[in-house]
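Asker: pasting a predicted model and its sequence here:
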Amino acid sequence: MTSITNLAAGVQAFTSNAFLVEGDRTVLVDAGANFDVVAALRDRFDESIDADALDAVVFTHTHPDHVENLPDVRAAFDVETWGFDPESDYVDHAIADGDTVDLGDDEYVALHTPGHKNDHLVFYAPSAKAAFAGDLVFEGGSFGRTDLDEGDRDRLVESIEYVIETVDADGLDAVYCGHGDAITGTPVDSLRQSLRAAKTF
């Protein structure tokens, strides 16, 4: 059975969340920054130094707070990485819109969702009733900032609409965000709230 753990929980330094998804394929979704993610991984793996303990790293996008821990993860676990932009130094293998990727015990579809950053992806699995949203949306109906390089409010709005149109409203129990808490309860209602906010502010 898939287990999802935020290895950055409780970290006070500036970092993204870093989700360890354990199951048939154990994957780190975003590596975070400014904390010892390797120690957190080894604690989770009972201090194993087995390079095979981690199967892959998958990125929602390559802003520094999501990727800066990667060199340490690569050195410790000899792991390859997946993301939207194979030209990035952080990405070994490309994931295109509509591709599928195995996280834990479930198959997630990748949704290309630019607006916060051009290489942004959301991962959604109907079987898990879950999605990894990166910095597209956050708990409380907020949304990713668009004032950084590659940010575009109109594209962000289109991306949120794309996610809402794609997910099964009755089959989504949790959205794991790049910062803060997961969206639970009725996540699609929160997505719609984020959409309204993105269109308004």
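Answerer: Yep, that arrived.
Asker: not counting sequence-adjacent ones, nearest residue to residue 105?
Answerer: Leaving out its chain neighbours, the residue that sits closest to residue 105 by C-beta to C-beta, 6 or more residues apart in numbering is residue 23, at 3.8 Å. (Each C-beta comes from the backbone N, C-alpha and C, glycine too.)
Asker: contact partners for that neighbour?
Answerer: Taking C-beta atoms under 8 Å, 6 or more residues apart in numbering as the criterion, residue 23 is in contact with 1, 2, 3, 103, 104, 105, 106.
Asker: ok, residue 15 next?
Answerer: Counted by C-beta under 8 Å, 6+ apart, residue 15 has contacts 8, 32, 33, 34, 35, 65, 69.
Asker: now the two most distant members of those.
Answerer: Taking C-beta to C-beta as the measure, the contacts of residue 15 span a maximum distance of 10.8 Å, between 35 and 65.
Asker: let's verify the residue lying closest to residue 191 once chain neighbours are set aside: helix, strand, or coil?
Answerer: Closest residue to residue 191 apart from its sequence neighbours, by C-beta to C-beta, 6+ apart: residue 164 at 5.3 Å. When classified by DSSP: H, G, I helix; E, B strand; the rest coil, residue 164 comes out as helix.
Asker: so what's the residue count around residue 164?
Answerer: Here the count is done by other C-beta atoms under 10 Å, and residue 164 has 15 residues near it.
Asker: you'd agree it is up against residue 195?
Answerer: Yes. Taking C-beta atoms under 8 Å as the definition, residue 164 is a contact partner of residue 195 at 6.6 Å.
Asker: find the nearest non-adjacent residue to residue 199, please.
Answerer: Using C-beta to C-beta, 6+ apart, the nearest residue to residue 199 is residue 157, at 5.7 Å.
Asker: quick check, the one you found in a strand?
Answerer: No. The assignment for residue 157, made by three-state DSSP, is helix rather than a strand.
Asker: residues in contact with it?
Answerer: 115, 195, 198, 199.
Asker: from those, which ones fall inside helices?
Answerer: 195, 198, 199 (DSSP state H).
Asker: now stretch 140-159: mean pLDDT?
Answerer: The average pLDDT within stretch 140-159 is 97.
Asker: pLDDT weak spots in this protein?
Answerer: Applying pLDDT under 70 to the chain flags residues 47-51.
Asker: what ranges do the strands span in it?
Answerer: Assigned by DSSP state E, the strands in the chain fall at 3-6, 19-22, 27-29, 56-58, 81-83, 93-94, 100-103, 106-112, 121-125, 130-134, 137-138, 142-143, 174-177, 183-184.
Asker: by how many degrees do the longest one and strand 121-125 diverge?
Answerer: Direction vectors for strand 106-112 and strand 121-125, defined by axes from the mean of the first three to the mean of the last three C-alpha atoms, to 10 degrees, enclose an angle of 150 degrees.
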